[in-house]
Structure formats: C-alpha cells, structure tokens
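Chemist: I'll drop the sequence and a predicted model, then ask my questions.
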Amino acid sequence: MRRIAVIPGDGIGPEVTAEALRTLRAVAPDLEFDVLDHVNADRYLATGTALSDDDFARVASCDGALLGAVGDPRVTSPDYARDVLLRLRFELDLYINHRPAQLLHDRLSPLRDQGRRPIDCTVVRENTEGPYVGVGGALRVGTPHETAIDTEVSTYRGVRRAMEFAFARATRSVCLVDKANAVPHNGTLWQRCFREAAALRPDLPTRHLYVDAAVMLLVQDPTAFDVIVANNAHGDVLSDLTAQLAGGPGTAASANLNPQTGYALCEPVHGSAPDLAGTGRANPLAAVLSAALLLDCAGRAEQAERIRTAVRTVVRDLRCTADIGGSLTTSGAGAAVRDALHGE
C-alpha cells in the first residue's frame with residue numbers, strides 16, 4: 001500500500017484527520033495521499049452531490065482510504081451519509097467491519113471490577129448485508145394505516161466469508177451472536193455457516209449467544225470474549241458497546257475491509273460531533289488509531305505498532321484531551337503522539 005485516499009468530511013473530521021495524517025507521515029514518509037476535502041456537507045447542500053463518480057474513481061484507484069466523519073445537522077436526509085459511506089462499502093465490497101477494542105489504560109474503563117476491565121476483543125461485523133441493504137418500503141405514508149417494511153438479507157456467500165475472517169483472526173475463541181430464536185431464517189443460515197467454519201478449526205473454542213445475553217455478558221465480563229462475529233445490525237450495536245468498555249468513542253477505530261482485494265477504508269467511529277467542531281476539544285486518538293489499522297491492513301505491522309505504543313504512552317501520561325483525563329487540545333494531543341514516537 002503506497003497511495004491512500006483521504007476524505008476529511010464534516011464536523012471534527014478535518015481536525016482529527018489532520019492529526020492522523022501528520023502521524024502517518026511521521027512513521028511512513030513514503031506514503032502518498034489523495035485528499036478529497038470537497039466531499040462534505042457543504043458541497044452536498046450546494047449541489048446535491050455527495051460522492052461523484054469521479055470522486056469514487058479516485059478513492060477506488062488508491063490502495064486504501066482514511067475517512068474522517070460524515071454528517072451535518074443541516075442535512076436532514078439520510079441520503080447524504082448513505083451515498084458516501086454505504087456506496088463505498090457496497091461498491092468496493094468492503095464486506096468486513098473490523099472493530100478491535102483494547103483498553104488503553106485502566107482508568108478509562110467504566111467497570112468497577114478491576115479484574116474484568118482489560119477488554120481485548122474484536123467484533124467482526126458483516127458489512128454489506130443484513131437490514132441495511134435498503135430492501136423494503138412504505139405504504140400509506142402519513143395515514144393511520146402507514147406500514148413500513150425493512151427486510152434483513154443474508155446470503156450464504158456473505159455469511160460464509162464473514163465467518164472465514166472471524167476464525168482466521170481468532171486466537172482464543174469465537175462467539176457467534178444472533179437472535180435466531182426470534183429471526184429463525186437468517187439465524188439458521190448463520191448458525192450453519194458457523195458450524196462449518198468451526199469444523200475447520202477444531203482447536204478453537206466456540207460459543208453461541210443470543211444478542212441480549214451477549215450484551216449482558218459483555219458488561220459483566222468483557223474479558224470473556226476474543227472474537228465476536230455478528231450480522232450488520234447486531235455487530236453495529238455490539239461494536240459500540242465494546243468501544244465504550246475500552247475507553248469510549250474518542251479512542252475507537254474501525255476498518256472496512258475486503259480481505260480478498262486487500263482494500264481497507266478506516267475511520268474513527270465517533271461521528272462528526274458538530275458540537276465540538278472548531279473548539280479544539282475533539283479527541284484525535286480514534287483517527288490516529290484508525291491510521292494504525294490502515295497500516296496493519298497494508299502489511300506494515302511494525303509501523304502500526306509504533307503508533308499504538310505512542311498512543312498508550314500519551315494516555316498513560318495524561319497528555320491527551322479532556323474526555324479521557326487530559327487537558328490538551330486536538331492539535332496538542334496529536335503533537336503529543338508524535339513526540340512519543342520520537343522519544344521511543
């Protein structure tokens with residue numbers, strides 16, 4: 001991976017992305033960047049275009065992408081975010097959402113029991129199927145008989161490749177999370193694919209939990225999990241829970257992957273946070289850690305680990321933003337990470 005597309009986006013996106021890019025340049029000066037800073041809500045409001053075909057072609061021609069955030073309170077239609085995020089996920093076939101959650105420091109955990117705080121797990125979320133594909137519709141809108149239908153879609157191919165990725169990443173165990181007792185047709189397919197994947201890794205402990213039980217156990221003891229695999233909707237919720245257990249959205253990174261092509265689109269999960277935009281209070285660490293994920297996907301594990309080590313150092317030393325115990329600004333926290341890199 002040599003060339004990376006960058007979409008800073010909206011709200012705090014440009015601020016945190018700038019720190020991530022500076023950090024990437026510090027550890028991997030050979031990388032090249034194609035910055036699409038016009039893909040944002042301002043252009044959408046002015047032209048109605050979220051991501052043009054030319055924009056998509058530029059992103060697709062790169063080896064990977066870094067996204068800041070998409071979303072603006074002035075835009076009331078969901079089409080804007082869908083046309084950027086879901087178009088990239090679906091048309092690049094980024095069928096895995098990879099959400100690692102690792103506690104950076106003991107003080108960041110919301111759990112009282114110290115022995116159960118050190119979460120170190122990954123949610124593998126199928127990223128291109130489920131209820132987010134847009135199959136459905138509405139009848140008699142605006143009347144007392146209004147009916148809304150959204151259909152959950154699972155294919156053998158889609159579920160199988162999510163399982164393959166989950167089992168390839170696991171070192172301690174894999175847990176399938178579903179709601180097969182209430183959604184039996186999708187559940188049956190997921191459980192069959194889970195059994196087939198497990199049969200190829202007889203050395204690896206496996207477990208199945210319904211999503212309500214999984215949520216309770218994650219809060220009770222997140223250290224019980226290694227890799228969790230789930231459909232698009234359940235994985236969406238579970239990965240936000242694991243992010244909070246690991247320190248909150250300010251440190252949560254994610255990768256949208258196609259393991260077959262090697263393409264990765266990495267992004268912080270905190271959203272555009274328009275209330276923080278321009279205040280200097282946005283935490284850049286999720287964007288910086290997303291950049292580290294991008295390096296992982298590029299086979300640059302050593303460079304990625306340098307960034308993560310630097311992040312752990314600044315969090316430990318309280319050289320970070322206020323949301324995780326420090327007092328630095330967005331740019332100050334980014335500079336602290338790079339200082340920690342130089343002081344290795």
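Modeler: Great, that's in hand.

Chemist: can you map out the helices along the protein?
Modeler: Secondary structure of the chain, counting by DSSP state H: helices at 13-27, 41-47, 53-61, 79-81, 87-91, 156-169, 184-199, 211-220, 232-245, 285-297, 301-316, 330-342.

Chemist: how about these in CSV, adding mean pLDDT, distance to Glu126 and mean neighbour count?
Modeler: All C-beta atoms are positioned from the backbone trio N, CA, C, and that covers glycine. Putting the helices of the chain into CSV (pLDDT from 0 to 100; distance: least, C-beta to C-beta, whole Å; neighbours: other C-beta atoms under 10 Å) gives the following:
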stretch, mean pLDDT, distance to Glu126, mean neighbour count
helix 13-27, 97, 26, 23
helix 41-47, 96, 28, 15
helix 53-61, 97, 22, 15
helix 79-81, 91, 19, 19
helix 87-91, 94, 11, 18
helix 156-169, 97, 4, 19
helix 184-199, 96, 9, 17
helix 211-220, 96, 14, 16
helix 232-245, 96, 5, 21
helix 285-297, 96, 18, 27
helix 301-316, 97, 24, 19
helix 330-342, 96, 32, 20
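
Chemist: can these go into CSV with extra columns for distance to Ala148?
Modeler: Below are the helices of the chain laid out as CSV (distance: least, C-beta to C-beta, whole Å):
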stretch, distance to Ala148
helix 13-27, 31
helix 41-47, 25
helix 53-61, 30
helix 79-81, 17
helix 87-91, 22
helix 156-169, 24
helix 184-199, 19
helix 211-220, 22
helix 232-245, 16
helix 285-297, 33
helix 301-316, 43
helix 330-342, 40
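
Chemist: Which of these sits closest to Ile4?
Modeler: Within the helices of the chain, the stretch nearest Ile4 is helix 285-297; the backing value is 6.8 Å (C-beta to C-beta).

Chemist: May I have that closest one as CSV, with CA atoms only?
Modeler: Output of helix 285-297 as CSV, limited to C-alpha atoms (Å, rounded to 0.1, in the frame of the first residue of the first chain):
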residue,chain,number,x,y,z
LEU,A,285,-6.8,9.3,19.0
ALA,A,286,-9.5,7.4,17.3
ALA,A,287,-8.4,8.8,13.9
VAL,A,288,-4.8,8.2,14.8
LEU,A,289,-5.6,4.6,15.7
SER,A,290,-7.6,4.2,12.5
ALA,A,291,-4.5,5.2,10.6
ALA,A,292,-2.6,2.5,12.5
LEU,A,293,-5.3,0.0,11.4
LEU,A,294,-4.7,1.2,7.8
LEU,A,295,-1.0,0.4,8.2
ASP,A,296,-1.9,-3.1,9.6
CYS,A,297,-4.0,-3.7,6.5
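
Chemist: can you give me the angle it makes with helix 301-316?
Modeler: Comparing the axes of helix 285-297 and helix 301-316 via axes from the mean of the first three to the mean of the last three C-alpha atoms, to 10 degrees yields an angle of 160 degrees.

Chemist: For the residue sitting nearest the centre point of the chain, give the beta-bridge partners.
Modeler: In the chain, the residue lying closest to the centroid (C-alpha atoms, centre = their mean) is Ser254, at 2.5 Å. Taking DSSP bridges as the rule, Ser254 bridges to Glu267.

Chemist: need the contact list for it.
Modeler: Applying C-beta atoms under 8 Å, 6 or more residues apart in numbering to Ser254 gives the contacts Asn97, His98, Arg99, Ser239, Cys266, Glu267, Pro268, Val269, Ser290, Leu293.
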